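Novice: Here is my input, please return the structure:
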Amino acid sequence: MKHRIESIRHNRQSSTITKHVLLGLILFLGLFCLYFGYFVIPNSPTLYHNHSVVDNGVDPVVGSILINQDSFNHKLHLQHLHSIPICDIKLSELIPCLDRNLIYQLRLKVNLTLMEHYERHCPPHGRRYNCLIPPPNGYKIPVRWPASRDEVWKANIPHTHLAQEKSDQHWMVVNGEKINFPGGGTHFHDGADKYIIALARMLKFPSEKLSNGGNIRTVLDVGCGVASFGAYLLSHDIMAMSLAPNDVHENQIQFALERGIPSTLGVLGTKRLPYPSRSFELAHCSRCRIDWLQRDGILLLELDRILRPGGYFVYSSPEAYAQDSENRRIWNSMYSLLRRMCWRVVSKKDQSVIWAKPLSNSCYLKREPGTRPPLCSVDDSPDESWNISMKTCITPYSAKMHKGKGSGLLPWPQRLTASPPRLEDFGISVEEFQADTSTWSFRVSEYWNLMRPALQKYTPRNVMDMNSNLGGFSAALNDKEVWVMNVAPIHSASKLKIIYDRGLIGTVHDWCEAFSTYPRTYDLLHAWAVFSDILERGCSSEDLLIEMDRILRPEGFVIIRDHPSVINYLHKYLIALRWDGWVLEVEPTVDILSSNEERLLIARKKLWRYGDTAS
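Specialist: From the prediction side, this is the model:
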């Protein structure tokens, strides 16, 4: 009996040991699978989204097998370590660095007469909202281009005061659930298209085309309203940067971007506009309500800085034609100032006058000593534009440009791919420039092939390149129905002049701060090495993700190309950001621009409503 009891006890002990061994083996296998899922899979080409995958399960570009498994979705949830709160619905139109409530809260001293309250004032780190901006109630996916030029959903911008205020000027008309844009403006009630032809006639350009055979390509429209002038310039192969402040007509640029028209928030106040010198062939002011004579003509001198040699200034305003004493006084003073700046009247008809900037320094050298405004000193860089005060001086041309009497640019579209003259400033050869252009052409083709399954029902219109370099990404998109806001980070701001020389548009920006635009204004954001850059500068990648989400339209895309460690880190936020509607991660093709190891992440933002929870 005793022997039997010991035998039973021995068997139980053996069974217990066996159970412990099996349990340990299961635990080991579980940890191994977790390790494999977390560290190995992120380094393989992967695709996951809400509904379907590429039919044959093979990457259409690199040929690698695409993984779309429940285990991969489980990996996403394992990486979802962070949550991001939702902002109050009252903040659905928040522009952090143009929030005038912040000025009052921080008790900033701004000069209202100089328009300082419309300039950028960014919140300190401790006062940032750090939450996702919700769309307004009833928000719809925007009307697609080209129909959007003439109509938008009222629910997306539920502001109709401009329709009543400008009803006699045909800016916009409320029509049921939509707002229509007849193409009118304060000065051109009968339509921007007819007005543009009238300007071409004034300048005696061939075939009544304002582009003048491709020699006028980039235009700055200040006080642009809802940007109908810029909208109708597009059919003339002219790219306008439509500019207006977030003033009493606070939603005009929001309407312009909703329509799919190149435009941005900005003001002629105390700071230089964020563009390099000699960027535009033409500047336009139609009833823009700007006091051009203030502070010794400093605002006209800012236009002078950014106009090319021989560039035009179109001025349509009562001062140009009205005969009452006050308007005559303003006109005489303005005419005298511009004459001292060596501008000349090219044409004056009806309610418009067109001036031209000189082609060389000859006129400046003939002025009487002490003539004001003076020439800028040789140590003043006309290309510095980020947070730089305007100067009350004339920017003379370099000896080379003075001798050449012009910018030396080819007409559009040849200038898009031709090596710009100012490329010499960076020591970049023609061969290097051409190689850059070719590389970006291949990269964009690769991106579009990868995105093809998700682009079937959604066509991007407003695109932003967050690190534009020489403009190769934008140039490669020229054959598509998009426009690109090329953004030069502050450490490479001078390269923006190459962008403009190519006939493209862009701006300088510091990605450690919020961008000057309304929420939900871009369909596609391209970020090449942007996160690596701000991390090196000690800025927050989480802040940048929240800012990208703010300016990205629902169902819009982000293309992030960066170091693998950056991409792996960004995965933690995809679900919290609701950027998991369609996601692709691959190892892109190595090329001459590749720096060390790179990964490519493409994600699509979901359409969500206020009150929804992330899933």
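Novice: what kind of secondary structure is S336 in?
Specialist: Per DSSP: H, G, I helix; E, B strand; the rest coil, the secondary structure class of S336 is helix.
Novice: what about it, how many neighbours?
Specialist: Residues near S336, counting by other Cβ atoms under 10 Å, number 12. Heads up, the C-betas are built off the backbone N, CA and C, glycines and all.
Novice: And the strands in the stretch 51-200 of the chain?
Specialist: Using DSSP state E, counting those that start in this stretch, the strands of the stretch 51-200 of the chain run over 151-153, 173-175, 178-180.
Novice: would JSON lines of these with distance to K403 and mean neighbour count be doable?
Specialist: Shown next, in JSON lines, are those (distance: least, Cβ to Cβ, whole Å; neighbours: other Cβ atoms under 10 Å):
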{"stretch": "strand 151-153", "distance to K403": "49", "mean neighbour count": "20"}
{"stretch": "strand 173-175", "distance to K403": "53", "mean neighbour count": "14"}
{"stretch": "strand 178-180", "distance to K403": "51", "mean neighbour count": "19"}
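Novice: will you turn those strands into JSON lines that also has distance to A244 and mean pLDDT?
Specialist: As requested, those are exported to JSON lines (distance: least, Cβ to Cβ, whole Å; pLDDT from 0 to 100):
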{"stretch": "strand 151-153", "distance to A244": "17", "mean pLDDT": "96"}
{"stretch": "strand 173-175", "distance to A244": "20", "mean pLDDT": "91"}
{"stretch": "strand 178-180", "distance to A244": "17", "mean pLDDT": "94"}
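Novice: any chance of those in a markdown table, with distance to Y518 too?
Specialist: Below are the strands of the stretch 51-200 of the chain laid out as a markdown table (distance: least, Cβ to Cβ, whole Å):
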| stretch | distance to Y518 |
| --- | --- |
| strand 151-153 | 13 |
| strand 173-175 | 20 |
| strand 178-180 | 15 |
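Novice: for those strands, which one sits closest to V353?
Specialist: In terms of Cβ to Cβ, the element of the strands of the stretch 51-200 of the chain nearest to V353 is strand 173-175, at 30.7 Å.
Novice: Tell me which other helices or strands that closest one touches.
Specialist: With contacts taken as 3 or more Cβ pairs under 8 Å, 6 or more residues apart in numbering; DSSP states H and E, strand 173-175 sits against strand 178-180.
Novice: who does the strand it packs on pair up with?
Specialist: Strand 178-180 pairs in its sheet with strand 151-153 (antiparallel), strand 173-175 (antiparallel), by DSSP bridges.
Novice: got these as a markdown table, with distance to A231 columns?
Specialist: Shown next, in a markdown table, are the strands paired with strand 178-180 (distance: least, Cβ to Cβ, whole Å):
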| stretch | distance to A231 |
| --- | --- |
| strand 151-153 | 12 |
| strand 173-175 | 15 |
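Novice: Among these, which comes closest to G556?
Specialist: Across the strands paired with strand 178-180, closest to G556 is strand 151-153 (Cβ to Cβ), at 15.7 Å.
Novice: What part of this structure, helix or strand, is modelled with the least confidence?
Specialist: Sorting the helices and strands of the chain by mean pLDDT, DSSP states H and E puts helix 70-79 at the bottom, at a mean of 41.
Novice: coming back round to it: out of the strands paired with strand 178-180, flag the one nearest R422.
Specialist: strand 151-153 (37.8 Å).
Novice: How far away from the center of its chain is that closest one?
Specialist: Computed by Cα atoms, centre = their mean, to the nearest Å, the separation of strand 151-153 from the middle of its chain amounts to 21 Å.
Novice: these two touch, right, V586 and M451?
Specialist: No: with contacts defined as Cβ atoms under 8 Å, V586 does not count as touching M451, sitting 11.4 Å away.
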